[in-house]
Structures are given as C-alpha cells and as structure tokens.
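> Compute the structure for the input listed below.
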Amino acid sequence: MRCGTIPHVTSRPTSAQRLRDLALLRRVKDRIDREYAQPLDVEALARGVHMSAGHLSREFRQAYGESPYSYLMTRRIERAMALLRRGDLSVTEVCFEVGCSSLGTFSTRFTELVGMPPSAYRREAARATAGIPSCVAKQVTRPVRNREAPTPSRN
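Next up is the predicted model:
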C-alpha cells in the first residue's frame, strides 16, 4: 500500500445495510404521505433519518423512481385535486391547505402533473366527476408523475 492513500473508501453496501436504508426510505415516504401539508424539505426529511440530503435524494430516486421533492409535490397535487373537486375552496386556499407556500409554484407544478391549470381543473372536474363516488373519482383523476400529462388537444 502506498503511503497517504486510503484503500476502498467507497464500497457497496451489504444486503443488511441496504435493507436498513430501504426501511429508512420507507419512513421518509410514510412521513411525506402523513405530513404533506407541513413545511417539509429534503434537508428536514434527511435529518429525520440521519442521512445527508444528497444521499437521501439519490437513494429515494433509486428506490421509488423520483426524488423526495417530486414525490412530496405529487402528494400535494393529489390532495389539491380532491379539494378542487369538492369545490368549496378557492385555488389560493387549496394551495395553502396542501402545504404550498407559493401560488405560482403550485399552479406550475399542478399544470405539469395534471395537464391544465388548477382553475380549469376545478371547472372540468365538477362536470366530469358528477355522480361518481369519491373513491372512484380519486383513482381515475390521479395525476401522472414526471411531466407526463397529456397536452390538451386544440381544435
């Protein structure tokens, strides 16, 4: 061994370590599901499981296919869709109710995931889900993740 070098600084995690990491990632995912309306950020989520924010983001993306922030925003948008279908809150009230602090960011992310702005969704959802049980409406109106929403056809 040469002087001044540290052999094998990085190594692959053992299967036991990988299982522990997956359990921690599940805790993060469950926390997001429970506390989506709270002020959450990746740093706070990482502190909660004693990981760095970068490590949490990489591992979460590998395990679930998207970043913790993206997953959080998807949860918020899903809840916002339900509140908008209900129809008794304004778009601004819905934005703050689901934990977003910026109406602009909320509207942009909503439009990316759902394919239309929140105000248009509110109008369309009232017509489209009339008479459908809420549990079914929730499933058929679930947002598409990762900017895969279909673009509205222009006639």
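> Contacts for the helix ranked longest in the chain next, please.
Identified as the longest helix of the chain according to DSSP state H is helix 15-35. For helix 15-35, contacts defined as CB atoms under 8 Å, 6 or more residues apart in numbering pick out 13, 40, 45, 48-51, 56, 59-60, 63-64, 68, 71-72, 75. For glycine as for every other residue, the C-beta is placed from the backbone atoms N, C-alpha and C.
> which element follows it toward the C-terminus?
Once the chain leaves helix 15-35, the next helix or strand it forms, by DSSP states H and E, is helix 42-48.
> Now do the buried residues in that following helix.
Neighbour counts using 16 or more other CB atoms under 10 Å place 42, 45, 46 of helix 42-48 among the buried residues.
> ok, the last one to residue 21 distance?
Right, residue 46. Going from residue 46 to residue 21 by CB to CB, to the nearest Å gives 12 Å.
> mind listing what's buried in the longest helix of the chain?
Of all the residues in helix 15-35, those buried under the rule 16+ other CB under 10 Å are 21, 24, 25, 28, 29, 31, 32.
> again, but for stretch 63-71
Neighbour counts using 16+ other CB under 10 Å place 68, 70, 71 of stretch 63-71 among the buried residues.
> Relative to the whole chain's centre, how far out is that stretch?
7 Å (CA atoms, centre = their mean, to the nearest Å).
> shift numbering so it begins at 23
Sure thing, new numbering starts at 23, so read that last one as stretch 85-93.
> Averaged pLDDT, it. What do you get?
In this model, stretch 85-93 carries a mean pLDDT of 94.
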